[in-house]
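Trainee: Predicted structure and sequence below. I'll ask about it afterward.
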Amino acid sequence: MELNPIQNTTIQGLQTTRTNAKPQNVMQEVGQTFQEALNALSQSQQNSDELMQKLALGEDVELHQVMIAAEQTDVNFRVAVAIRDKLVEAYREMMRMAV
């Protein structure tokens, strides 16, 4: 099983959007970042499922690899939920603003 390192491209992309970007571009960047997080979550879930199936079928797979993949999926899921919660909170805050 291959463990992917945390990449700074997402963080750098967010920092870039903070500097004098138009609101539409910022919204696209946030949407794209969230989509990337969801894609990473989906891939992590598929990898974890495959390893669990192999383990259940008795194939040659290490238990620690299965546990690491499951925990990686859990962490990715928690990050996606946290991002979603922050986006919903920001949306609600904008809706409360007086025009």
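Mentor: All right, it came through fine.
Trainee: Can you tell me the centre-most residue of this structure?
Mentor: Closest to where the C-alpha atoms of the chain average out (Cα atoms, centre = their mean) is A37, at 2.7 Å.
Trainee: what's near enough to touch that residue?
Mentor: When contacts are counted by Cβ atoms under 8 Å, 6 or more residues apart in numbering, A37 touches T10, N76, V79, A80, I83. For glycine as for every other residue, the C-beta is placed from the backbone atoms N, C-alpha and C.
Trainee: which of these has the most neighbours?
Mentor: Scoring those on neighbours with other Cβ atoms under 10 Å, the highest-scoring entry is N76 at 19 neighbours.
Trainee: What count of nearby residues applies to E93?
Mentor: 9.
Trainee: could you measure it against A37, distance?
Mentor: When distance is defined by Cβ to Cβ, to the nearest Å, E93 is 21 Å away from A37.
Trainee: With V99 instead?
Mentor: In this structure, V99 and A37 are separated by 31 Å, where distance is defined by Cβ to Cβ.
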